[in-house]
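Peer 1: Let's see this in three dimensions:
(2 chains)
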2 protein chains.
Amino acid sequence: MPDPELVEVFRGPRVESRHAGALAVADADGGLVLALGDVERPVFPRSAVKVIQALPLIESGAADRYGLTEAELALACASHSGEPAHAEAAASMLRKAGLDRDALECGVHWPSNAEASRALARSGAEATALHNNCSGKHSGFLCSACARGEAVAGYVLPEHPVQRAVKAAMDEVTGFTAREEDRGTDGCSIPTYAVPLRALALGFARVGTGRGQGPVRAAAFQRLRAAVAANPFMVAGTGRSDTVLMTALGPRAFTKVGAEGVFCASLPELGLGIAIKCDDGAGRAAEVVMASLLLRLLPLSDAERAAVEPLARPVLRNWRGIEVGGLRPTEALRH
Amino acid sequence: MPDPELVEVFRGPRVESRHAGALAVADADGGLVLALGDVERPVFPRSAVKVIQALPLIESGAADRYGLTEAELALACASHSGEPAHAEAAASMLRKAGLDRDALECGVHWPSNAEASRALARSGAEATALHNNCSGKHSGFLCSACARGEAVAGYVLPEHPVQRAVKAAMDEVTGFTAREEDRGTDGCSIPTYAVPLRALALGFARVGTGRGQGPVRAAAFQRLRAAVAANPFMVAGTGRSDTVLMTALGPRAFTKVGAEGVFCASLPELGLGIAIKCDDGAGRAAEVVMASLLLRLLPLSDAERAAVEPLARPVLRNWRGIEVGGLRPTEALRH
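Peer 2: As a prediction, the model looks like this:
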């Protein structure tokens, strides 16, 4: 059975495009509170699980040893826009471990924030690996490797101890042992292992509660969530959905986008985790699904609601600022 | 019945995302040679029909009166990347009609070509309406309005004579009278009317053959297609699919992307027109569908095939240039 349509894109009087997908909302014991579409099919979680991939940075003692700030810990969980504060924080993390940007194996791209990209060009500079949206996560990997005395070169490879530790953490937190034959390579060159949405939702319930993961890991999750809640700009950037949502909701929601239409979240006060995958990989649709679920699940103040609602029903404006259409959740998502 | 999946995105060993859609291939009498999915549902053709929207520019006599070059006529059919040659050609068209960029009502955006955008920033300049991907089409509208002595201001409005002429041309060429209640506003502020894929495919068969449209219109289509075939860079830009395809195929194929996963083409030697809509609006999938159809329908030389095949099975590389996956047509599209 195909996944249901979750989001419609309309223009004037007509639906122009449609996005199907699946989602799971689970508690920290694995109970499914809500499921739409196929939540058993493994999907690559991509960057949505960076907060779990950051566990070795805390659990190795590297974060304490190098005195990483909360902003730097937030950057370790980030897919950032390459704005100056992001690149500077990544450089600072590397410096603390005695490294520089040459150690990064994530590759180089220009800032995804268009204004930051143009400003960089205007300044006469070139993009570096610090501007790569994953530079914070990679700086965290490098801090972890340095603290444990592991080789720095090749830290992105599946067999490197850092990536083995990341996979072990993912398996433990999601309760799903990802198969080696379900391994892909992510945009930043690290392995990504396919995991069912049901297991991802359970994992994010545990990110929010620490339940069943022992006190050390529970404290690590608490520390990472607090770091991001205090620095929502560092986890994404200007105008980005994670930054907008967590600026409004603070510690009430931890949200994280991933490439190809993945979006995960923890709602600590409800003990719930959310995992979304849009089948066509559309981030615009995943954002509508996430915002719709937050509106449905969390009791919100007027101010919180006013911040989240525009993401659930974003307006499309053309190049002259004229409203020409929008996105909206379908019936399947509203019920 | 939902539209079939036409394109898969895979990463390593797994399919990561899927794109459904519909397509029609028709002859100039409206006979359907091939149809997948719902080809009767009206869809907004967006920028895919710029070659038809350029008819008033020719038929009003404006192109001759102002001595527009072939490169400028190609730009009138373009969704260009805002590279210097594009912006300069739009400025030249306006100058010939006694206007400048202030007359453009398409809105301002930075060049969609990232390197062109950074180069513009580096030069200390700002984006103007000339960099809008539709500036050539709009300059053509303005030339047409000037040649006919019509008001310049408001030329984007549905009731302006230019847009009435564009709608009349669309209705005649597609054989489908678009309904006023199916009108949306395009990204560049002009009206876009929903048309079934079946009618769009017929329309593009006529773009390639002129059949049933009279000798004047047949000559206008011939002139526009020749202009684009001689200037494939002007209709899109560096690395863009229309430019790549028409650089390889010359006058053998006229292709044109539209926003939200629309892609249309004429194959003059076969007398066929193609119209594609990816349901989720994904341009990356529409490109795979178009390239797959060109490979299937046109007898190609080795050199032509070598240029088209990479678009039918594009490789996905990550930021370090490592091959991590790709896109490919599904069984439904291959049969």
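
Peer 1: Stretch A:112-123 near chain B at all?
Peer 2: Yes - figure legend: stretch A:112-123 in contact with chain B (Cβ under 8 Å from any Cβ of the partner chain); contacting residues A:114, A:117, A:118, A:119, A:121, A:122. C-beta coordinates here come from the backbone N, C-alpha and C atoms, glycine included.

Peer 1: Ok, stretch A:289-301 next?
Peer 2: No - applying Cβ under 8 Å from any Cβ, one finds stretch A:289-301 out of contact with chain B, separated by at least 13.6 Å.

Peer 1: buried set for that stretch?
Peer 2: For stretch A:289-301, burial by neighbour count (16 or more other Cβ atoms under 10 Å in any protein chain shown) applies to A:289, A:290, A:291, A:292, A:293, A:294, A:295, A:297, A:298, A:300.

Peer 1: Now the first one: closest residue in space, sequence neighbours ignored.
Peer 2: Just to be clear, that refers to residue A:289. Leaving aside its sequence neighbours, residue A:289 sits nearest to residue A:276 (Cβ to Cβ, 6 or more residues apart in numbering or on different chains; 4.9 Å).

Peer 1: OK, contacts around the one you found?
Peer 2: Under the criterion of Cβ atoms under 8 Å, 6 or more residues apart in numbering or on different chains, the neighbours of residue A:276 are A:21, A:22, A:23, A:197, A:261, A:262, A:263, A:264, A:286, A:289, A:290, A:293.

Peer 1: ok, now how distant is residue A:74 from residue B:167?
Peer 2: 52 Å (Cβ to Cβ, to the nearest Å).

Peer 1: Please say which of those two ends up with more neighbours.
Peer 2: With neighbours defined as other Cβ atoms under 10 Å in any protein chain shown, residue A:74 and residue B:167 compare such that residue A:74 has more, 30 against 18.

Peer 1: quick one: contacts for the more buried one?
Peer 2: The contact partners of residue A:74, by Cβ under 8 Å, 6+ apart, come to A:136, A:227, A:228, A:230, A:231, A:232, A:234, A:235.

Peer 1: Assign a three-state SS to the residue nearest to residue A:83 when sequence neighbours are not counted, would you?
Peer 2: With sequence-adjacent residues excluded and distances taken as Cβ to Cβ, 6+ apart, residue A:83 is closest to residue A:116, at 4.6 Å. On the three-state scheme (DSSP: H, G, I helix; E, B strand; the rest coil), residue A:116 is labelled helix.

Peer 1: Read off the pLDDT value for the residue of the stretch 51-200 of chain A found nearest chain B.
Peer 2: Closest approach of the stretch 51-200 of chain A to chain B (Cβ to the nearest Cβ) occurs at residue A:107, with a separation of 2.7 Å. Per-residue confidence (pLDDT) for residue A:107: 97.

Peer 1: from memory it sits against residue A:186, does it?
Peer 2: No - using Cβ atoms under 8 Å, residue A:107 is not in contact with residue A:186, being 10.7 Å away.

Peer 1: more neighbours, those two?
Peer 2: Neighbour comparison, residue A:107 and residue A:186: the larger count goes to residue A:186, with 23 against 20 (by other Cβ under 10 Å).

Peer 1: Tell me which residues touch that one, please.
Peer 2: With Cβ under 8 Å, 6+ apart as the criterion, the residues that contact residue A:186 are A:44, A:46, A:47, A:192, A:259, B:318, B:324.

Peer 1: that older thread, for the residues of stretch A:112-123 next to chain B, which PyMOL command selects only the ones that are buried?
Peer 2: Buried residues within those, by 16+ other Cβ under 10 Å, are selected in PyMOL with:
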select buried, chain A and resi 114+117+118+121
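
Peer 1: CA-only coordinates of the top strand by length along chain A in PDB, if you can.
Peer 2: Here the longest strand in chain A is taken by residue count, with DSSP state E as the criterion, and it is strand A:14-27. Once side chains and other backbone atoms are set aside, the C-alpha atoms of strand A:14-27 remain, and they are given as PDB (Å, rounded to 0.1, in the frame of the first residue of the first chain):
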ATOM      1  CA  ARG A  14      -5.700  24.400  -7.600                       C
ATOM      2  CA  VAL A  15      -3.500  21.800  -6.000                       C
ATOM      3  CA  GLU A  16      -0.300  21.900  -8.000                       C
ATOM      4  CA  SER A  17       1.900  19.300  -6.300                       C
ATOM      5  CA  ARG A  18       1.400  16.600  -3.600                       C
ATOM      6  CA  HIS A  19       3.800  14.900  -1.200                       C
ATOM      7  CA  ALA A  20       3.300  11.400   0.300                       C
ATOM      8  CA  GLY A  21       5.100  10.100   3.300                       C
ATOM      9  CA  ALA A  22       5.100   8.200   6.500                       C
ATOM     10  CA  LEU A  23       5.500   9.200  10.100                       C
ATOM     11  CA  ALA A  24       5.700   7.500  13.500                       C
ATOM     12  CA  VAL A  25       5.100   9.000  17.000                       C
ATOM     13  CA  ALA A  26       6.300   6.700  19.700                       C
ATOM     14  CA  ASP A  27       6.800   6.600  23.500                       C
END
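
Peer 1: do that strand and chain B meet at all?
Peer 2: Yes - judged by Cβ under 8 Å from any Cβ, strand A:14-27 comes into contact with chain B at A:14, A:16, A:17, A:18, A:19, A:20.

Peer 1: re the thing from before, out of the contacts of residue A:74, which is nearest to residue B:103?
Peer 2: Checking the contacts of residue A:74 against residue B:103 by Cβ to Cβ gives residue A:232 as the nearest, at 43.1 Å.

Peer 1: ok, the residues of strand A:14-27 next to chain B vs residue A:202, which is closest?
Peer 2: Nearest to residue A:202, judged by Cβ to Cβ, of the residues of strand A:14-27 next to chain B is residue A:20 at 23.0 Å.
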